Every structure is written in structure tokens, then in C-alpha cells.
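Undergrad: Okay, sequence plus prediction incoming.
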Amino acid sequence: MSKTYASAGVHIDAGNELVRRIKKIVGASSSAIGGFSGLFPLPEVAGGACVSACCDGVGTKLKLAFLLDRHDTVGIDLVAMNVNDLVCSGSRPLFFLDYFACGKLDLDVAESVIRGIHRGCREAGCALLGGETAEMPGFYKDGEYDLAGFAVGIAEKSEILDPQRTKPGDVVIGLPSSGPHSNGYSLIRAVLGEKGLREFGGELLRPTRIYVKEVLSLLRSRAPRLKRAVKGIAHITGGGWPENIPRVLPKGLEARLSKGRWPVPDIFSVIQKRGRVSDSEMYRTFNMGIGLVLVLDPKALPAAGKHLGRFHVLGGIFRGQAGVRFV
């Protein structure tokens, strides 16, 4: 029987429905809900800049950290999942807050996690401003904990990306991931079981890549041809390709992408074969080797590599129903 994310206990459609309900609750400002981060305009006395903010966690990747008793990388994941969302709006991360909750505080484990958070913040160029440690006896299993993170950034109005500028002929490029990052681990655990998790543990615990410095280097370039070349950025996280890329596409446009234009890490083939997971389910659950997608003017391609490093041209933008189509 083929495995799916839903059979592993995660229901993406239910999550999407909750977002729709939240939009109804929020009402007039519902257009701000559903982006990779929220934007709040500062008073004009502050120059008209916008503060951006988001929150996220590491998910059931923590279960793997518990199993292998390795806690030095999940803090990096926590920062990455947040700051990679922030940079999608064109924002520069300013500071980070963490929430560490457990049943009984193990000082060595907590210190290892916080060291990872601090390392992630350094890599993202933001400050670890503070956080909360909650010890709640009886609430968590012995030896287990949960993590949440909160990132705040800033961007001038002129620096905020506007996906509405996207037009037919723009290209779609992808920056390589370091593996599954911090998504799909409920399915990974269901497919591999304890033996497989131990076998591939080192690769599966590889921390989420942080893209902030490369992307901001491109977005803040002084070269006129690069100044407004980037139209939109999508972080490939929960919901994979079909849920995240359309978030930065205007109505009436679609991304047509070609599989085979980038190397897919072997770990994804292992998961797909062992779980008999369909292609569509893989692309809806995992990043498949691409952690960040950018839509940009094709004229900027030659210069983009100087800022982004290695990237892959995945396809282009065409008229059609907003979404992703593999051709």
C-alpha cells in the first residue's frame, strides 16, 4: 500500500481550510494572511518601512533528534524555517525569539539546542534577543521537548517584493536544499521506521539551509538591472511545490517547470521507493532538492549567480491558471 502524508497523520487540506477560516475571522485585513510572513507598516516618521514577522517550529524532526540523542542541529532548523520565510518578502531579519518547552529540564540538551539557535542566528545575520523556557511536568514524555521560534525583520517599502510584477517570460530558478529540511518527517518516520531512521539519521538530521545572505545580496545589489529583477520568492516548506509557488504568482499566470533540471538527493528516492509514494505526493510533501524558488527577469540570470551561488533554472512563467505544472 502506498504511503501518503495524510496516512502518516498530517492533513494539508485541513491546514488550508483553517487558513481560510482565519481569514474570515480577521476580516478586513485578511489579505495579509497566507503570506510567508506578515507585514506591518511603521509610521511615516520611521521612513515608511515595514516590519515583518513570522513564527514556525521544527515539527516531528524532533522525534529523530530524540531517537538519536542529537540536539545540536534542530536549533539551526528552527531559525532557518523562520528567516527563510522572512526573506521571501524582501525583509532583512533583525532578531529572533525562541520557546523551549519540556517536562523536565535537561540542562545539557537545552544548552545544545540553544547553541544551535545561536549558530543559526549568526548565519542569518540576526540577533538572538531572548526567549522562554517552560518546564511542564507531566505534559511531555521524558526526554522530549518542543520548539517554536519567532523572527522579526524589516524592509523599506521600495524593498518589499511585489509578485504582481511577475509577467509571462520571467524565469523560475531554484536554490538547492540540504535535504528534507524540516518538512515531511511524519511521512519519513512512517516509511522508514526506527531501523531506517537510524540508517539515514545523519542525512535526515542535516540542518535546514539558511538562504538569507545570498538572497539579500541579490535584492540589495546596486546594479540597476538587478534592483527590481526579483519578482517573487517562495520557501518550499509544508505543502511542497504546488502549495507554495502559487503563493507568489498573480492571477492568470502559472509556473511551467521541468523535472530533471536539478539533481534530486538520493534520500528522496529512498523514501519514495520504500513507501511506494507517488510523484505528486512527493512534490506536495517534500522540497525534492530545491529549498527556495525565485521568479526573476531573465536578463538578470547571468549576474544572479554572483550573488546566489549555485542555482538551477527550473522553467518559466506563462499565462494559465495560477499554479505549478510540470512539462
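TA: It's in.

Undergrad: tell me the SS of residue 175?
TA: Here residue 175 is recorded as strand under DSSP: H, G, I helix; E, B strand; the rest coil.

Undergrad: which stretches of this structure form helices?
TA: For the chain, applying DSSP state H gives helices covering 12-26, 61-68, 74-86, 107-124, 185-199, 201-204, 212-219, 224-227, 240-244, 266-275, 279-285, 301-308.

Undergrad: Can you pull the poorly scored residue ranges out of the chain?
TA: Low-confidence segments of the chain (pLDDT under 70): 1-3, 5-16, 18-19, 22-34, 45-47, 224.

Undergrad: try 50 this time
TA: Scanning the chain for pLDDT under 50 picks out 28, 30-31.

Undergrad: mind giving me a markdown table with the helices of the chain and columns for mean neighbour count and distance to residue 170?
TA: Any C-beta I mention is one placed from the backbone N, CA and C, and that applies to glycine too. Output for the helices of the chain, formatted as a markdown table (neighbours: other Cβ atoms under 10 Å; distance: least, Cβ to Cβ, whole Å):
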| stretch | mean neighbour count | distance to residue 170 |
| --- | --- | --- |
| helix 12-26 | 11 | 26 |
| helix 61-68 | 19 | 33 |
| helix 74-86 | 28 | 21 |
| helix 107-124 | 18 | 27 |
| helix 185-199 | 18 | 32 |
| helix 201-204 | 16 | 34 |
| helix 212-219 | 19 | 15 |
| helix 224-227 | 14 | 14 |
| helix 240-244 | 21 | 17 |
| helix 266-275 | 17 | 27 |
| helix 279-285 | 19 | 21 |
| helix 301-308 | 15 | 11 |
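
Undergrad: Indicate which one of these is closest to residue 161.
TA: For residue 161, the closest of those is helix 212-219, at 7.9 Å, according to Cβ to Cβ.

Undergrad: Quick one: work out the angle between the closest one and helix 301-308.
TA: Helix 212-219 and helix 301-308 are oriented at 140 degrees to each other (axes from the mean of the first three to the mean of the last three Cα atoms, to 10 degrees).

Undergrad: List the contacts of helix 212-219.
TA: With Cβ atoms under 8 Å, 6 or more residues apart in numbering as the test, helix 212-219 has contacts from 83-84, 86-87, 90, 92-93, 123-125, 159, 161, 175, 226, 229-230, 233, 292, 294, 304, 307-309.

Undergrad: can you rerun that using 6 Å?
TA: 83, 87, 90, 92, 124, 307, 308, 309 (Cβ atoms under 6 Å, 6 or more residues apart in numbering).

Undergrad: And the fifth one, how far from residue 63?
TA: Think residue 124. Going from residue 124 to residue 63 by Cβ to Cβ, to the nearest Å gives 25 Å.

Undergrad: do the last one as well
TA: From residue 309 across to residue 63, the span is 32 Å (Cβ to Cβ).

Undergrad: what's the answer for the second one, then?
TA: Plainly put, residue 87 is 28 Å away from residue 63 if you go by Cβ to Cβ.

Undergrad: What of the fourth one?
TA: Computed with Cβ to Cβ, the distance linking residue 92 and residue 63 is 33 Å.

Undergrad: now swap in residue 325 and tell me
TA: Distance from residue 325 to residue 63, by Cβ to Cβ: 35 Å.

Undergrad: Over to residue 272?
TA: Residue 272 is 21 Å from residue 63, by Cβ to Cβ.

Undergrad: again, but for residue 113
TA: 15 Å.

Undergrad: same thing with residue 141?
TA: From residue 141 to residue 63 the distance is 10 Å (Cβ to Cβ).

Undergrad: same deal with residue 255?
TA: Distance from residue 255 to residue 63, by Cβ to Cβ: 33 Å.

Undergrad: Same check on residue 305?
TA: 38 Å.

Undergrad: do residue 147 as well
TA: Distance from residue 147 to residue 63, by Cβ to Cβ: 12 Å.

Undergrad: Next: residue 238.
TA: Taken as Cβ to Cβ, the span from residue 238 to residue 63 is 16 Å.

Undergrad: Repeat that for residue 79.
TA: 20 Å.

Undergrad: wait, doesn't residue 265 sit right on residue 290?
TA: No - counting by Cβ atoms under 6 Å, residue 290 is not a contact partner of residue 265; they are 10.3 Å apart.

Undergrad: and those two? which has more neighbours close in?
TA: Applying other Cβ atoms under 10 Å to residue 265 and residue 290 shows that residue 290 carries more neighbours, namely 23 against 18.

Undergrad: Fine, thanks again, bye for now.
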